[in-house]
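In: What follows is a predicted structure for the sequence shown.
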There are 2 protein chains.
Amino acid sequence: MNISDAAKHTGLPAKTIRYYEEIGLVTPPRDTNGYRVFGETELHKLTFLARARALGFAVKDCRTLLALYEDQSRASADVKRIARTHLNEIEAKIADLIAMRDTLSHLVQACAGDDRPDCPILKGIETTSSVKA
Amino acid sequence: MNISDAAKHTGLPAKTIRYYEEIGLVTPPRDTNGYRVFGETELHKLTFLARARALGFAVKDCRTLLALYEDQSRASADVKRIARTHLNEIEAKIADLIAMRDTLSHLVQACAGDDRPDCPILKGIETTSSVKA
DNA sequence: GATAAGGGTTCTAGTTACTGGAAGGTCAAG
DNA sequence: CTTGACCTTCCAGTAACTAGAACCCTTATC
């Protein structure tokens, strides 16, 4: 299977797959013509990567998770620790974004949005005290 | 006022202030010794920038907002449009993150997290269908 | 006057995770 | 034999800083 088919199967752009090879996440063998050849193993890895990334894991974490995924003697605690840490980061981001959204939606609602210069949004930005932790 | 005092007043790191000058967001004059001098105007701009950034606006948007902020003949509609677009992006990000959180928290809960290799998280990543839009 | 601490300055390079584009080799069809 | 769709590599750019090196300025102290 060539790279564009692997892309179709995994949902990852071909560029991204090449990039993943470059940083050592996958290592597809090459055909005599130099083309990358993707078999079951590499496809599984790529799919795993695509899904882990979709869950928001950093590439660095994906590398670790992939190693654990392939390590039959892993401890599930190792996986769980990474996942929980990531989960906490997600929660924190959500909280940040919700604070932003609340502040901003109030400002937007207060703004007439016409051709006059008076603007509660700009005034709000001037005076908003810390939104972020 | 020198840069470190400006940093204290605005909450921005000095490095960031220099960066903002480099990209033309502020233009503090220089003292005879070459030091940047921050007066009222630049301080206001920096504070405005810090708060707009804290609300999650991209630097590009901050540039526009700052121009509108300084333009006494602006139309509030212009500001509102930018803010609403940004608000939509925030909402979308929140939705994405919540989907991730939900999936991930289920997986984490299902994982024993002990020294055995059996791991619902890895299994989940293997089989999770699209989390992201 | 020498020196040391604590400012300030510039410049380069690194970060994250790709993405776009150019230049050029390969392959199957007509 | 040419055309078009693949594939390859390599270089540069993105966002918004951040780290660090090398060096200048100021002030205080000895």
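Out: In hand now; what should we look at?
In: going forward, measure contacts between C-alpha atoms and count neighbours the same way
Out: OK.
In: from chain A, which residue is nearest to DNA strand C?
Out: residue A:58 (3.4 Å; C-alpha to the nearest atom of the strand).
In: what's around that residue, how many residues?
Out: Residues near residue A:58, counting by other C-alpha atoms under 10 Å in any protein chain shown, number 13.
In: Check what pLDDT it gets.
Out: At residue A:58, the pLDDT value in this model is 96.
In: ditto for residue A:2
Out: For residue A:2, the model assigns a pLDDT of 95.
In: Surely it is in contact with residue A:38?
Out: Yes: the pair residue A:2 and residue A:38 qualifies as a contact (C-alpha atoms under 8 Å) at a distance of 6.2 Å.
In: Same drill for these two, tell me which one is more crowded.
Out: Each of residue A:2 and residue A:38 has its neighbours counted (other C-alpha under 10 Å); residue A:38 has more, 21 against 14.
In: quick check: domain ranges of chain A?
Out: As assigned by automatic domain parsing, chain A contains the domains A:3-73, A:77-127.
In: out of those domains, which comes closest to chain B?
Out: Chain B lies closest to domain A:77-127 among the domains of chain A, at 3.6 Å (C-alpha to the nearest C-alpha).
In: SS state for the residue nearest the centre of chain A?
Out: Chain A has residue A:56 as the residue nearest its centroid, 3.7 Å off, counting by C-alpha atoms, centre = their mean. With DSSP: H, G, I helix; E, B strand; the rest coil as the basis, the three-state label of residue A:56 is coil.
In: State the distance from it to residue A:85.
Out: To residue A:85, residue A:56 is 12 Å away according to C-alpha to C-alpha, to the nearest Å.
In: got it, and residue A:29?
Out: Between residue A:29 and residue A:85 the computed distance is 34 Å (C-alpha to C-alpha).
In: likewise residue A:64?
Out: 13 Å.
In: For those two, indicate the residue with more neighbours.
Out: A side-by-side neighbour count of residue A:64 and residue A:85, using other C-alpha under 10 Å, places residue A:64 first with 16 against 11.
In: is DNA strand D contacted by the helix or strand hosting the more buried one?
Out: Taking DSSP states H and E as the definition, one finds residue A:64 inside helix A:59-70. No: judged by C-alpha under 7 Å from any atom of the strand, helix A:59-70 and DNA strand D are separated, with a smallest distance of 14.5 Å.
In: buried sites along that helix?
Out: By neighbour count on 16 or more other C-alpha atoms under 10 Å in any protein chain shown, the buried set for helix A:59-70 is A:61, A:62, A:63, A:64, A:65, A:66, A:68, A:69.
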